[in-house]
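Novice: Pasting a predicted model and its sequence here:
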Amino acid sequence: ETQLSKDPPHGNLEFPSGLLMRLGLKQCPGCGEGMQKESETCHKMICRSCRARFCFRCLARLEYFNCGCTGAEHNFVDPLDGSIRSHQ
């Protein structure tokens, strides 16, 4: 997972949607941080910035439920320490 900051230290940068699509990036539904997924096996992600749990495919927040894009048996991998995190 690669993340690009939406808010650099000296101002607010908005990504044009066409640029995001060409780069394979999506924005976190919690904070707007730009993110890129490295693997196609699972769509569940945790944002490094705001810690939101969401689906990279449909951008649904997944704190308490599963959207169905990836099976409920899949968990989250914490981007900071690599630990496995369940839905709750």
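Specialist: That came in fine, so what should we check first? Numbering: from 1, shown residues only.
Novice: In this structure, where is pLDDT below threshold?
Specialist: By pLDDT under 70, the weakly predicted segments of the chain are 1-17, 88.
Novice: in it, which spans are strands?
Specialist: 2-4, 25-27, 34-36, 44-46, 53-55, 76-77, 84-85 (DSSP state E).
Novice: In CSV: those strands, plus mean neighbour count and distance to Leu19.
Specialist: No exception for glycine: its C-beta is placed from N, CA and C like everyone else's. What follows is those, written out as CSV (neighbours: other Cβ atoms under 10 Å; distance: least, Cβ to Cβ, whole Å):
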stretch, mean neighbour count, distance to Leu19
strand 2-4, 15, 11
strand 25-27, 19, 8
strand 34-36, 18, 10
strand 44-46, 21, 20
strand 53-55, 21, 21
strand 76-77, 16, 27
strand 84-85, 12, 30
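Novice: Among those strands, which comes closest to Cys69?
Specialist: When these are compared by Cβ to Cβ, strand 53-55 sits nearest Cys69, at 5.0 Å.
Novice: Now do that closest one: which elements does it pack against?
Specialist: strand 44-46 (3 or more Cβ pairs under 8 Å, 6 or more residues apart in numbering; DSSP states H and E).
Novice: Centre of the chain to stretch 30-42, how far?
Specialist: 4 Å (Cα atoms, centre = their mean, to the nearest Å).
Novice: Out of the strands of the chain, flag the one nearest Gly68.
Specialist: Judging the strands of the chain by Cβ to Cβ, what sits closest to Gly68 is strand 53-55, at 8.7 Å.
Novice: List of residues touching the closest one?
Specialist: 28-30, 43-47, 60-63, 67, 69-70, 76, 85, 87 (Cβ atoms under 8 Å, 6 or more residues apart in numbering).
Novice: Buried ones from the residues you listed, can you make that a PyMOL selection?
Specialist: The buried residues among these can be selected in PyMOL (16 or more other Cβ atoms under 10 Å) with this line:
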select buried, resi 28+29+30+43+44+45+46+47+60+62+67+69+70+76
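Novice: Reformat the strands of the chain as CSV; add distance to Gly18.
Specialist: As requested, the strands of the chain are exported to CSV (distance: least, Cβ to Cβ, whole Å):
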stretch, distance to Gly18
strand 2-4, 15
strand 25-27, 11
strand 34-36, 14
strand 44-46, 22
strand 53-55, 22
strand 76-77, 29
strand 84-85, 33
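Novice: Thank you kindly, that will do.
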